[in-house]
Each structure stands twice: as C-alpha cells, then as structure tokens.
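Peer 1: Pasting a predicted model and its sequence here:
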Amino acid sequence: MACRIASLVLLLALGPGCACGAPNGTLDAGAARVEVSVEDALAPRDASDARVTDTPRDVPPDVPIDAPLLGPPYPIVLAHGFFGFDDFAGIDFINYFFGVLADLNAAGETQIYITTVDPFADSTTRGLDLLSQVETIARESGYARVNLIGHSQGGLDARVVATMRPDLIASVTTIATPHRGTIVADVVLELVADARLQDALDALVRVIGAALYDTVGNETSVFDSLRQLSSDGADAFNDTYPNVEGLPYFSIAGRSAGTAAFRTPCPSGESPDFMDRWNIYLDPLDPLLTVPGAIVTERAFGGEVNDGLVAVNSARWGRFLGCIPADHLDQIGHLLGDSPGFGNAFDHLRFYRDLVAFLRAEGF
C-alpha cells in the first residue's frame, strides 16, 4: 500500500529539472522574498491599481534613475511545476525545461529567465515566491513587464503572480496546467485520507527533500498542494485568483495515445500555425505515466483526451491555442531529452521557440 501511495505521489512529478536562472547568470531565488502578507497580496486589484513607472528598480550607475522602462519584446519567465527543482542533489546539468534556455539563447532570445520555487508547496506559497523573483527580474532588467510561461502547476503559480501584480505582466501562457484540477490528486487524497498519515508523510518529504532541494521550506506540505490540485481545490483557487481583465491568457494542452479520440487534434478555433503543424502526430504515453493516465482517462471528464496527468478540458484557460502530441514529460523534454516516442516527431525545443515567436508576433 505504501508503495502504491508513493508511486502515485511521485507520478504527479512534472519531470526532473533544475531551474537554471537568467541569461546572464543564475537568478538567486533567495535573493528577494515577498514582503507582503498573503492577505494583502490577495486584496482585490486590477491592472490599473499600480503604475509600472512607480515600480522601484536597481539600475547601473551610468543610467539615470528616471530612465524610462523598456517596452516589448519583454523578457520570458519560465515557471516549473510540481517537483521542479534547482541543482537536484548537486547535479547542475539536468534542466527542468530541458535544453530550452540554451536553445532560445541560440535563437537570439537573450532575455530568458528560469525561476525556481518550493517544489512541493501549494501555488499560493509558490506564487508568492515567484512574485518576488518576477519583481527582481523587472527591477534589474529595466523592462516594464514580463511574459510568464508556466508548465503544469507553474501555470497556477503564474496566475497568482498575475492577480497580485498585473502591472508587471505582459501575458500569461500555461502549458498542461490543471486549472480545473487533476483526478490523480483526488485519488491520492482518497488513498491517504487520514490527517495523521498526511502529516507524517509531509514530515518525511521535508526531511528527504531538504537533502535534495535547496528550496524546500520548513512548512512545505505536499498534501496542501494536492488539495489545491484536486477538483474541489481548483474551484476554490479559481475563485481566489480570477483572470485580470485586459490581461492576455493563453493555454496549451497535451494529448497522448491511449485516451479517447486521441487521433483527433484538439480544436480550439484559434489554433495558430505553429500548433497545427503537430496535428498529424500521435504520442505514445511514457510508461511512467501509464497508471495516472489510466486514472485520468477513466474518471476525468468522461474519458477526455489527456497527457497522462491533466485532461485537455482542465488545461483550457483563456485563449486556448490547441494541443501538442506530448505527454506531461515530453512537454519539457524529459526524461533527459529522450525521444517522445516511436513515430512522433514532436520537438519540444522547436515548440518553445515557436511559442516565444508567437508571443513576439502578438506584440509581447
């Protein structure tokens, strides 16, 4: 039983990786922490609540302090999902967004930042940490806004930041984010319903995680996160962090073989060319995702197409751009840059290049 529980929890992981910082060096996630309370952060606000020009920032000594903030193209900030990490066990060559930073740099995109937050915490906690890093990026880069791209739970973190500081955000793009929850979280919570056992497992995760992750906090709780990623928890999250009027939200889902109607692309009505090019390909589901994929297929949205963890209907948010033939691991190039499967030409590096190009064409 313990093995089954551990397996389900681990299968919620969104792939190994390290959040490896900014184009000109590593972004120190601990250099700046949010100095506001959660209550203050969640106070109602909209995009007009704060003027970008009022944002304090550090500038080089030869740049006037009143120099205007830079406009588009804005920096790209990538946010990792559940189990994402920085320098996992001291290994610095494993990237969560595997190879994406170097590939975008080679394509001429030099303002790319990869952030790192507590790998196990809920998105309110993670969002506060991500916010502090976004504020640091904006302050030190001199740009008025940033584009947030979040994979899975990282998309929820990005929405928290957008709600709190819409004045700093140009756009929010979520990839396979469980906006309406994931059935896998529901199942884990059913299996581990005893609060004492949840507390014990949280304590174990903190002990083990502290040896492997440098962002695990003393109050980190996997089960707080799972409750927020559950179907009911997602409803409460959406009530707390609604979309900011006037702020562009884009979403993308993954689809894999073994799910209902997997040969049919996910029509969005607004699917751009860079998404349509992948419509002819099928994706064999990674063996690591077989169990959760079966759970989602059977119980979520009447057998809705999914990526092994998140159903398409849960990933739809804002302007839905369509689906990519990639399971939850393939979407970020894992495991360790392996092929997405026989017969599948999906290239995650090209996907992220095209996604950034799309945002640029949209004026961001």
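Peer 2: Yep, that arrived. Numbers count the residues shown, from 1 in each chain.

Peer 1: pLDDT (mean, whole number) over stretch 151-159?
Peer 2: Taken as a whole, stretch 151-159 has a mean pLDDT of 96.

Peer 1: May I have that stretch exported as PDB, CA atoms only?
Peer 2: C-alpha atoms of stretch 151-159 as PDB (Å, rounded to 0.1, in the frame of the first residue of the first chain):
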ATOM      1  CA  HIS A 151       4.200  24.400 -17.100                       C
ATOM      2  CA  SER A 152       1.600  22.400 -15.100                       C
ATOM      3  CA  GLN A 153       1.500  23.800 -11.600                       C
ATOM      4  CA  GLY A 154       3.800  26.500 -12.700                       C
ATOM      5  CA  GLY A 155       0.800  27.900 -14.700                       C
ATOM      6  CA  LEU A 156      -1.200  28.200 -11.500                       C
ATOM      7  CA  ASP A 157       1.800  30.000  -9.800                       C
ATOM      8  CA  ALA A 158       1.900  32.400 -12.800                       C
ATOM      9  CA  ARG A 159      -1.800  33.200 -12.400                       C
END
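
Peer 1: Outside of it itself, list whatever touches it.
Peer 2: Stretch 151-159 has contacts (CB atoms under 8 Å, 6 or more residues apart in numbering) with 14, 78-82, 84, 96-97, 117, 123, 126-127, 130, 148-150, 172-179, 225, 228-229, 237, 241, 243, 249, 251, 309-310, 317, 328, 331-332. Glycine gets a C-beta too; all of them are placed from N, C-alpha and C.

Peer 1: Repeat the analysis, applying 6 Å as the threshold.
Peer 2: Outside stretch 151-159, the residues that touch it by CB atoms under 6 Å, 6 or more residues apart in numbering are 14, 79-82, 123, 126-127, 130, 148, 150, 172, 174-177, 241, 332.

Peer 1: Check stretch 240-254 too.
Peer 2: By CB under 6 Å, 6+ apart, the residues outside stretch 240-254 that reach it are 47, 159-160, 162-163, 166, 171-176, 266, 307, 312, 315-321, 323-324, 326, 331.

Peer 1: residues in contact with Ile175?
Peer 2: When contacts are counted by CB under 6 Å, 6+ apart, Ile175 touches 151, 252, 331.

Peer 1: if we take the residues you listed, which one ends up nearest to Val356?
Peer 2: Checking the contacts of Ile175 against Val356 with CB to CB, the nearest one is Ile252 at 12.9 Å.

Peer 1: Which of the helices or strands spans the closest one?
Peer 2: When elements are assigned from DSSP states H and E, Ile252 belongs to strand 249-254.

Peer 1: what lines up beside that strand in the sheet?
Peer 2: Within its sheet, and counting by DSSP bridges, strand 249-254 is paired with strand 169-175 (parallel), strand 319-324 (parallel).

Peer 1: Would you confirm that Ile137 contacts Ile114?
Peer 2: No: applying CB atoms under 6 Å as the test, Ile137 and Ile114 come out as separate, 10.7 Å apart.

Peer 1: okay, the two: which has more neighbours?
Peer 2: Here Ile137 and Ile114 are compared on neighbour count by other CB atoms under 10 Å; more neighbours surround Ile114, at 27 against 20.

Peer 1: What backbone torsions are found at that one?
Peer 2: Backbone torsions of Ile114, given as degrees, to the nearest 10, read phi -110, psi 120.

Peer 1: before we move on, what about Leu70?
Peer 2: In terms of degrees, to the nearest 10, the main-chain angles of Leu70 are phi -80, psi 140.

Peer 1: Who is it paired with across the strands?
Peer 2: Leu70 has the following beta-bridge partners by DSSP bridges: Tyr143.

Peer 1: Need the pLDDT of it.
Peer 2: 94.

Peer 1: Any buried residues in stretch 95-104, and which?
Peer 2: Buried residues in stretch 95-104, counted by 16 or more other CB atoms under 10 Å: 95-98, 100-101, 103-104.

Peer 1: what about dumping the CA coordinates of that stretch to PDB?
Peer 2: Provided in PDB are the C-alpha atoms of stretch 95-104 (Å, rounded to 0.1, in the frame of the first residue of the first chain):
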ATOM      1  CA  ASN A  95      17.200  21.100 -16.600                       C
ATOM      2  CA  TYR A  96      13.500  21.100 -15.900                       C
ATOM      3  CA  PHE A  97      12.800  22.800 -19.300                       C
ATOM      4  CA  PHE A  98      15.400  20.500 -20.800                       C
ATOM      5  CA  GLY A  99      17.800  22.500 -23.100                       C
ATOM      6  CA  VAL A 100      15.200  25.200 -23.600                       C
ATOM      7  CA  LEU A 101      17.300  28.100 -22.200                       C
ATOM      8  CA  ALA A 102      20.300  27.400 -24.400                       C
ATOM      9  CA  ASP A 103      18.200  26.800 -27.500                       C
ATOM     10  CA  LEU A 104      16.300  30.100 -27.100                       C
END
